[in-house]
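A.B. asks: compute the structure for the input listed below.
(one chain, ligands or ions: 1)
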Amino acid sequence: MEGVDVEFEGMEGFHKLKSLWRIEYEAKTLEPILTQAATEETKEIVDSVLGKTIPKDLPDAVPLIFEGKSVITGNSVKGVFRHIISSQLREAGVPICFQKVKYGSAAPEQTQCPPDKPCFVCTWFGTPSRQGALYFSMLRSHEPLEKVLAGDPIPMIAVRDDYRAIEARAFLLLAPLKENVKFHGVIDGENLSSEIIGAIKEVHDISGRGFVKFGGFKTRGFGAVKIEILKVEKYGTVPFNLEKEYSGDDLKSFLEECQRKYHDLMSRGRRA
Ligand SMILES: [Zn+2]
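C.D. replies: Numbers count the residues shown, from 1 in each chain. Below you'll find the model as predicted:
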């Protein structure tokens with residue numbers, strides 16, 4: 001992390017609950033997507049839904065399933081948002097720490113923010129030792145698995161990076177979800193600033209052109225989703241009450257205003 005400071009709007013902290021937020025959104029697959037369930041049971045379910053003989057006992061990679069719907073975990077969605085916002089702000093010159101990486105050598109620079117002065121991303125997304133202010137729900141498909149699974153498994157030659165678990169086997173059969181599958185989810189937040197809501201709007205815009213990808217096999221043309229923010233609710237806390245509901249034109253201008261604040265933050269980074 002560079003030494004230069006770029007001020008951003010802080011958070012009230014966990015000792016004070018000033019506002020609660022709910023951002024409802026839809027994610028639509030623009031490409032086939034594979035969320036990679038790990039269990040044999042899920043592979044068997046997918047195999048029986050496919051209902052055809054495939055040249056293997058079971059497909060090698062199948063989507064995650066929960067209560068008959070295809071799902072994307074909140075944690076993986078959070079990771080995608082965190083990655084995009086972090087790398088964009090870093091490029092803009094706003095100091096953002098690097099999280100510890102699982103593979104390879106040490107991260108290029110500082111891996112942890114000082115606890116008393118977290119960076120923009122750690123403030124909102126949290127750190128391994130401190131909870132953040134954003135909660136990403138599990139995304140669930142509107143329709144049951146039978147309706148969203150691609151009809152034919154896709155054969156593929158494995159490259160190690162794509163699929164670490166089965167390095168030894170070169171030939172893979174993938175059973176992804178189709179294009180145009182719609183998922184629904186929410187992002188809940190505490191004491192959100194205009195800047196972080198603007199950052200979420202920015203990811204929404206980036207996704208519109210297919211640059212936001214979920215799941216595995218991203219380099220093989222899988223995983224692009226288009227995010228559409230449907231509604232934002234702001235709740236007051238003393239007492240708890242729905243203060244404002246943004247939808248339609250109201251939502252559009254609110255999100256654009258927040259995005260301007262986020263763009264201002266990036267401009268301050270460039271000047272620092
Ligand atoms: Zn940080």
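A.B. asks: so who does the closest residue to the ion within the stretch 151-272 of the chain touch?
C.D. replies: Minimum separation of the stretch 151-272 of the chain from the ion (C-beta to the ion) falls at Ile196, amounting to 13.6 Å. All C-beta atoms are positioned from the backbone trio N, CA, C, and that covers glycine. Contact partners of Ile196, counting by C-beta atoms under 8 Å, 6 or more residues apart in numbering, are 120, 124, 133-134, 189, 262.
A.B. asks: could you say which helix or strand holds it?
C.D. replies: Using DSSP states H and E, Ile196 sits in helix 194-208.
A.B. asks: pLDDT on that helix, on average?
C.D. replies: Mean per-residue pLDDT for helix 194-208: 98.
A.B. asks: give me the subset of the contacts of Ile196 touching the ion.
C.D. replies: With C-beta under 5 Å from the ion as the criterion, those include none near the ion.
A.B. asks: which of those residues fall within strands?
C.D. replies: Residues of the contacts of Ile196 located in strands (DSSP state E): 134, 189.
A.B. asks: which among the contacts of Ile196 gets closest to Thr29?
C.D. replies: Leu134 (23.1 Å; C-beta to C-beta).
A.B. asks: and Val71, bridged to which residues?
C.D. replies: Arg140 (DSSP bridges).
A.B. asks: could I get the contacting residues of it?
C.D. replies: Val71 sits in contact with 35, 64-65, 138-141, 183, where contact means C-beta under 8 Å, 6+ apart.
A.B. asks: what's the distance between it and the ion?
C.D. replies: 29 Å (C-beta to the ion, to the nearest Å).
A.B. asks: find the nearest non-adjacent residue to Glu9, please.
C.D. replies: Ser193 (4.1 Å; C-beta to C-beta, 6 or more residues apart in numbering).
A.B. asks: name the residues of the helix holding Ile196 that come out as buried.
C.D. replies: For helix 194-208, a neighbour-count test (16 or more other C-beta atoms under 10 Å) marks 194-204, 207 as buried.
A.B. asks: what does stretch 212-224 give?
C.D. replies: 212-217, 220, 222-224.
A.B. asks: and for stretch 40-58?
C.D. replies: 42-43, 45-47, 49-50, 58.
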